[in-house]
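*Asks:* One predicted model, sequence on top.
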Amino acid sequence: FAGRTALVLYEAPVYSGDQLEVAACPPHSAPQRAGIVRRKVTAHLVHARTHEGLQVATPASAWAMVARQLTVRELIVVGDALVRVPRDDHGILLPERQLATIEQLLTAATAGQRKGSAKLLDALDHIRVGSASPLESEFRLDAAAAGLPEPDLDVEIRDGSGRLLGISEVVYARQRTVVEIE
């Protein structure tokens with residue numbers, strides 16, 4: 001599975017439509033059936049792995065594959081979701097559950113000639129680790145466009161003795177401002 005279908009399988013914030021995207025590297029070809037979008041891909045432009053028992057393009061490869069279909073802003077939102085380091089119910093970071101790194105996205109974006117590669121590189125300049133939802137990514141992008149400084153994301157707020165009080169989505173430390181996005 002590739003492109004949007006792969007991203008949906010990774011639970012990235014992207015609409016998959018009503019068709020499955022399936023890719024194959026020549027000389028192989030993807031199945032030809034109703035409801036399937038076939039893609040031929042060059043081997044060095046895509047990597048795959050097993051995900052929940054399915055052969056799926058890696059998150060970084062899938063992100064790069066949708067460059068011609070998504071806007072830069074949409075690529076940023078999806079990229080933020082892929083590089084986010086999830087937390088458990090107690091607020092503990094789970095780096096082993098991070099889907100991709102910014103370096104992996106960069107590698108996928110620069111693997112070779114690809115339609116939409118300029119959009120990928122533009123999006124990479126704005127992708128940040130720490131955005132926990134599309135709404136948080138949208139807020140950050142809109143705040144930056146309005147002239148606000150770059151915030152810290154996914155910040156642990158602790159009291160004087162070091163006890164965790166909470167985790168805030170967006171923090172402007174110099175301005176002593178915390179933004180909670182609901």
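*Replies:* Perfect, I can see it now.
*Asks:* For this structure, which segments are assigned as helices?
*Replies:* 3-9, 59-65, 72-83, 102-109, 117-124, 134-145 (DSSP state H).
*Asks:* which other helices and strands contact the second one?
*Replies:* Yep, that's helix 59-65 we're talking about. Judged by 3 or more CB pairs under 8 Å, 6 or more residues apart in numbering; DSSP states H and E, helix 59-65 is in contact with helix 3-9, helix 72-83, helix 102-109. Placement of C-beta: from N, CA and C, glycine included.
*Asks:* any idea how far it is from the chain center?
*Replies:* Put simply, helix 59-65 sits 9 Å off its chain's centre (CA atoms, centre = their mean, to the nearest Å).
*Asks:* go on, the fourth one?
*Replies:* With CA atoms, centre = their mean as the basis, the distance from the averaged C-alpha position of helix 102-109 to the chain average is 11 Å.
*Asks:* So which bits of that helix are buried?
*Replies:* 104-106, 108-109 (16 or more other CB atoms under 10 Å).
*Asks:* doesn't residue 128 make contact with residue 169?
*Replies:* No - assessed by CB atoms under 8 Å, residue 169 is found out of contact with residue 128, at 11.5 Å.
*Asks:* what residues do the two have in common as contacts?
*Replies:* residue 153 (CB atoms under 8 Å, 6 or more residues apart in numbering).
*Asks:* Deepest-packed of the helices of the chain, please.
*Replies:* Among those, helix 59-65 has the highest mean neighbour count (mean count of other CB atoms under 10 Å), at a mean of 28.
*Asks:* So which of the buried residues of helix 102-109 is the closest to residue 13?
*Replies:* residue 105 (15.4 Å; CB to CB).
*Asks:* check contacts around the closest one.
*Replies:* Listed by CB under 8 Å, 6+ apart, the contact set of residue 105 reads 60, 63-64, 79, 82-83, 120, 124, 127.
*Asks:* Kindly reformat the helices of the chain as JSON lines containing distance to residue 29 and mean pLDDT.
*Replies:* Below are the helices of the chain laid out as JSON lines (distance: least, CB to CB, whole Å; pLDDT from 0 to 100):
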{"stretch": "helix 3-9", "distance to residue 29": "16", "mean pLDDT": "93"}
{"stretch": "helix 59-65", "distance to residue 29": "17", "mean pLDDT": "95"}
{"stretch": "helix 72-83", "distance to residue 29": "27", "mean pLDDT": "98"}
{"stretch": "helix 102-109", "distance to residue 29": "23", "mean pLDDT": "96"}
{"stretch": "helix 117-124", "distance to residue 29": "24", "mean pLDDT": "95"}
{"stretch": "helix 134-145", "distance to residue 29": "34", "mean pLDDT": "96"}
